[in-house]
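>>> Output the structure for:
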Amino acid sequence: TSAYENAPATMVMVNHHDGGIFAYATPGKGIQGDKYWLPERMAKDIDNCGHQNVKIQIKSDQEPAIINVQEEIRQLRRGATICTNSPVGESECNGRAENAIKRVQAKVRTLRSYIEEKIKAPLQMDKPIATWLIRWCGEILTKYCVGKDGRTAWHRRRGENCKRPIVEFGGKVLYLPLKAADIHNQKGEPNMFEGIWLGTNARTEEVLIGTNKGVVKCRTVKRLPIKERWSDKEIHDVQGTTWQPVPGYRSDHIPVPINEQGQKANREEEDDDTVEYDNVPIEEDVDKPIKPVSYTHLRAHETDSYL
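Numbering: from 1, shown residues only. The predicted model follows:
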């Protein structure tokens, strides 16, 4: 049996304004059950692109499950949202999204192959870490892929390149829990812990770390020697998906610490995704008029076995 047959379905969203790409691994299409988080996450990401109070247009094909996501995003957003759909059988009309899917697929194949070479074993795409791999591929394409204008999508959006240092996805690192974590009150405990590097938070630049109890966030990591950096077992033992970072909690909130019982800290009121926030204008664009309409293309596909 192929290790990739049970890979999660993937939703890809591309921002027409700056070319940024978001890739979401999801239990399936639509908004029912564990898929409830998808439109909420997408609405937040659209607002975080600077479109919080801006009229936007969301375009996708006419697949019913995708239309449900469209309508849910329209209900969740504060700004005006126009939903449009391409004609049946005319996927070329949504060419930007189709191209984004191909780029995400290629990046997933590349990273998967790299990790398999390091761990000397197949990367099982039905494991939780696969959901973070898919997410990180969208981040790579947004932050580090340079376009014909010599700028990345991140640069077009923020006015500067992403300067946050990163390490290899899936590599084992030592991480220092944030000062808010209870571990700092326990003098006898070690300061740093081992975990799997899963990417960064685009808004806060906090590092996401995978553990066998769930996914946590931190600011400081240290790389391990090459011989200690890769572990097939520890990669596949990572618990928590992009829609449920802490198993047993129906929320995509990523906590600071997780205690020995696998319970997250009660800090949701301090999380960047749950507090009220205002747009922070890019300095070079402060005096420029805001475009009244921005286009966001959606496309969903079942992850094929070769992914």
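
>>> At the geometric centre of this structure, which residue do we find?
Arg135 (3.8 Å; CA atoms, centre = their mean).

>>> how deep is the closest residue in space to that one that isn't next to it in sequence tucked in, by neighbour count?
The shortest distance from Arg135 to any non-neighbouring residue, by CB to CB, 6 or more residues apart in numbering, is to Thr242 (5.4 Å). Using the backbone N, CA and C atoms, a C-beta is placed for each residue, glycine as well. Look at Thr242: counted by other CB atoms under 10 Å, it has 26 neighbours.

>>> repeat for Ser113
Ser113, neighbours per other CB under 10 Å, totals 11.

>>> do Leu178 as well
Neighbours of Leu178 (other CB under 10 Å): 18.

>>> how far away is the nearest residue to it once chain neighbours are set aside from Tyr249?
Closest residue to Leu178 apart from its sequence neighbours, by CB to CB, 6+ apart: Val256 at 4.8 Å. For Val256, the distance to Tyr249 equals 14 Å [CB to CB, to the nearest Å].

>>> now do Lys118
31 Å.

>>> likewise Ile67?
Taken as CB to CB, the span from Ile67 to Tyr249 is 29 Å.

>>> just to revisit the earlier point, between Val256 and Tyr249, which one's more packed in?
Set side by side, Val256 and Tyr249 show more neighbours around Val256, with 20 against 17, by other CB under 10 Å.

>>> Spell out the secondary structure type for the more buried one.
Secondary structure state of Val256, per DSSP: H, G, I helix; E, B strand; the rest coil, is coil.

>>> what are the ranges of the strands in the protein?
Using DSSP state E, the strands of the chain run over 9-15, 21-26, 56-60, 81-85, 172-177, 193-200, 207-210, 215-223, 294-301.

>>> What lies in contact with the longest one?
This points to strand 215-223. Contact partners of strand 215-223, identified using CB atoms under 8 Å, 6 or more residues apart in numbering, comprise 132, 167, 171, 173-178, 192, 195, 197-198, 201, 204, 206-209, 229, 238-240, 245-246, 254-258.

>>> any idea of the mean pLDDT in it?
The predicted model assigns strand 215-223 a mean pLDDT of 92.

>>> For it, buried residues please.
Residues of strand 215-223 classed as buried by neighbour count (16 or more other CB atoms under 10 Å): 215-218, 221.

>>> now, which of these sits nearest Pro8?
Val215 (15.5 Å; CB to CB).

>>> Could you give the bridge partners of the closest one?
Gly210 (DSSP bridges).

>>> Same question for the one 5 residues further on.
For Thr220, the beta-bridge assignment (DSSP bridges) gives partners Leu176.

>>> let's have the chain start at 61 instead
Shifting the count to begin at 61 puts that one at Thr280.

>>> Next one: it from Phe229, what distance?
Thr280 is 18 Å from Phe229, by CB to CB.

>>> ok now do Ile256, which residues does it touch?
189, 230-233, 269-271, 294-295, 298.

>>> again, only this time at 7 Å
230, 232, 269-270, 294-295, 298 (CB atoms under 7 Å, 6 or more residues apart in numbering).

>>> from those, which two are the most distant?
Ile269 and Ile295 (12.7 Å).

>>> Neighbours of Arg156, how many?
17.

>>> measure the residue nearest to Arg195 to Ala83 for me?
In terms of CB to CB, Thr302 sits 10 Å off from Ala83.

>>> show me the contacts for Thr260.
224, 226, 266-268.

>>> All the helices of the chain, residue numbers only.
97-106, 124-136, 155-179, 189-203, 213-218, 292-297 (DSSP state H).

>>> Buried deepest among those helices, which one?
Using mean count of other CB atoms under 10 Å, the stretch among the helices of the chain with the largest mean neighbour count is helix 189-203, at a mean of 24.

>>> Now do the same for it: mean pLDDT, whole number.
On average, helix 189-203 scores 96.

>>> Contacts made by that helix with the rest, please.
67-68, 70, 80-85, 163-164, 167-168, 171, 212-214, 222, 229-230, 258-259, 262, 270, 295, 298, 301-302.

>>> now the nearest residue in space to Glu228 that is not next to it in sequence: how far from Thr271?
Ranked by CB to CB, 6+ apart and with sequence neighbours excluded, the top spatial neighbour of Glu228 is Trp257, at 7.0 Å. Applying CB to CB, the value for Trp257 to Thr271 is 11 Å.

>>> Pick out whichever of those two has more residues nearby.
More neighbours surround Trp257 than the other of Trp257 and Thr271, with 23 against 19 (other CB under 10 Å).

>>> picking up where we left off before, what residues are up against the residue nearest to Glu228?
Taking CB under 7 Å, 6+ apart, one finds 227, 229, 231, 233, 267, 269, 281 in contact with Trp257.
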